[in-house]
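Undergrad: Requesting a structural model of the entry that follows:
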Amino acid sequence: MTDTAFDGEAEFDRQVRNLIALGYPALSGLDPEQFGALVAPLRARAATAPVGPYEPESGRVPFVLVVTRNVAPIEDTMPRTTLHRGRTPGFVDRSFEPGSLERFVATEEAGLPHPDAYLLFDVERGEEFCGAVPNDAMKVIAERGRTLLTIEEGIALVTHFPQVLVKNKCFSLGGSRCGDRRVPAIWISQKAPKLGWCWEGNPHTWLGMASAGSRAAADI
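TA: The predicted structure is shown next:
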C-alpha cells in the first residue's frame, strides 16, 4: 500500500537516530554531533522523496540512508544488523578469503552519487527473482531501468528495516562485484543476517535480487 501521509523528514531522522544508537559515529571517528552534521544535508532530499510503498514486511521501502565503507567499515557495520526482533549480530561469512571483501566494490553502472553518504530510493528486496539465475535477474532489472544494490546498501537496508530479511526471501547484491563470477548476498544463517556470496549462474530458491529506483546525494 502506498502511504500518501509518509513523512520523509521524520523517517530520515529515525534512520539517523538508528545509526547513532548503533555506534556509527564511533566507527567513523566522529562524535554524534559530527556524524549528524555529515548526513544532515541529505534531510532535504528525504523531504522530497517520491511517495512510494512503505511496506518493510513486503520488502519495499521509499528510501534508505546509506553510509559507505569510507565512513564505516563493512566488517564493523554488518555485526550491527540483526533479524527483526532478534538479538544475534550479523556477520561476514568466512567464504570471503582475506582481502577479498575490499575488492567487492560498486560497479560502474551503480554510479554512486557520493563517496560517503547518500539516499537510495524506491528499494525492493526482489523476491520475485527467488529461484532465478542471478545473471538473468540482473539483466531484467537493468531492462527496467532500475539499479542493483551494493553491499553497503544491502547492509543499510537490513540495518534500518530488519523486517525485510525473512526466511526464503533473502537477496543478492549485484551492485558490488570483484571481477569474477561471485555475487554478494545477504541471507539468514545461525539466526542472524549473513553477508556471503553465490555464483552468478547458480539459482537459489530462497535468494532474490535487490534493486532500487535511484540514488541521490545532497544538494549543496
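
Undergrad: Mind giving me the packing neighbours of the helix or strand where V123 lies?
TA: For V123, the enclosing helix or strand under DSSP states H and E is strand 117-124. Counting contacts by 3 or more Cβ pairs under 8 Å, 6 or more residues apart in numbering; DSSP states H and E, strand 117-124 packs against strand 60-67, helix 151-160, strand 211-212, strand 214-216. Quick note: C-beta positions are derived from backbone N, CA and C, even for glycine.

Undergrad: which stretch among those comes nearest G90?
TA: Of all the helices and strands packed on strand 117-124, the one in closest proximity to G90, counting by Cβ to Cβ, is helix 151-160 (7.1 Å).

Undergrad: in that closest one, what counts as buried?
TA: I151, E152, E153, G154, I155, A156, L157, V158, T159, H160 (16 or more other Cβ atoms under 10 Å).

Undergrad: Export those residues to CSV and append columns for pLDDT.
TA: Output for the buried residues of helix 151-160, formatted as CSV (pLDDT from 0 to 100):
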residue, pLDDT
I151, 98
E152, 98
E153, 98
G154, 98
I155, 98
A156, 98
L157, 98
V158, 98
T159, 98
H160, 98
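
Undergrad: Can you tell me which of the residues you listed is closest to K194?
TA: Scanning those for proximity to K194, where the rule is Cβ to Cβ, the winner is V158, at 10.5 Å.

Undergrad: wouldn't that closest one be in contact with H84 here?
TA: No - contact criterion Cβ atoms under 8 Å: V158 and H84 do not qualify, at 9.5 Å.

Undergrad: Overlap of the contact sets of those two?
TA: Listed contacts common to V158 and H84 are L165; contacts here mean Cβ atoms under 8 Å, 6 or more residues apart in numbering.

Undergrad: Could I get the full set of helices for this structure?
TA: Assigned helices in the chain, in chain order: 8-21, 24-27, 32-39, 43-47, 74-77, 134-143, 151-160 (criterion: DSSP state H).

Undergrad: Minimum distance to T88: which of these has it?
TA: Using Cβ to Cβ as the measure, helix 151-160 is the one of the helices of the chain that comes nearest T88, at 13.0 Å.

Undergrad: Now do that closest one against helix 8-21, angle only.
TA: 100 degrees (axes from the mean of the first three to the mean of the last three Cα atoms, to 10 degrees).

Undergrad: returning to that earlier point: average model confidence for the strand holding V123?
TA: What strand 117-124 shows for mean pLDDT is 97.

Undergrad: And stretch 185-200, by the same measure?
TA: 98.

Undergrad: list the buried ones in it?
TA: Of the residues in stretch 185-200, those with enough neighbours to count as buried (16+ other Cβ under 10 Å) are A185, I186, W187, I188, A192, P193, K194, L195, G196, W197, C198, E200.

Undergrad: what distance separates that stretch from the centre of its chain?
TA: What separates the centre of stretch 185-200 from the centre of its chain is 13 Å, taken as Cα atoms, centre = their mean, to the nearest Å.

Undergrad: is it true that W187 touches G208?
TA: No - because the distance of 10.2 Å does not satisfy Cβ under 8 Å, W187 is recorded as not touching G208.

Undergrad: Now for these two: what residues contact both?
TA: Each of C170, F171 lies in contact with both W187 and G208 under the rule Cβ under 8 Å, 6+ apart.

Undergrad: so what's the residue nearest to H114 when sequence neighbours are not counted up against?
TA: With sequence-adjacent residues excluded and distances taken as Cβ to Cβ, 6 or more residues apart in numbering, H114 is closest to A217, at 3.9 Å. Under the criterion of Cβ under 8 Å, 6+ apart, the contact list for A217 reads L42, R45, P113, H114, A117, Y118, L119.
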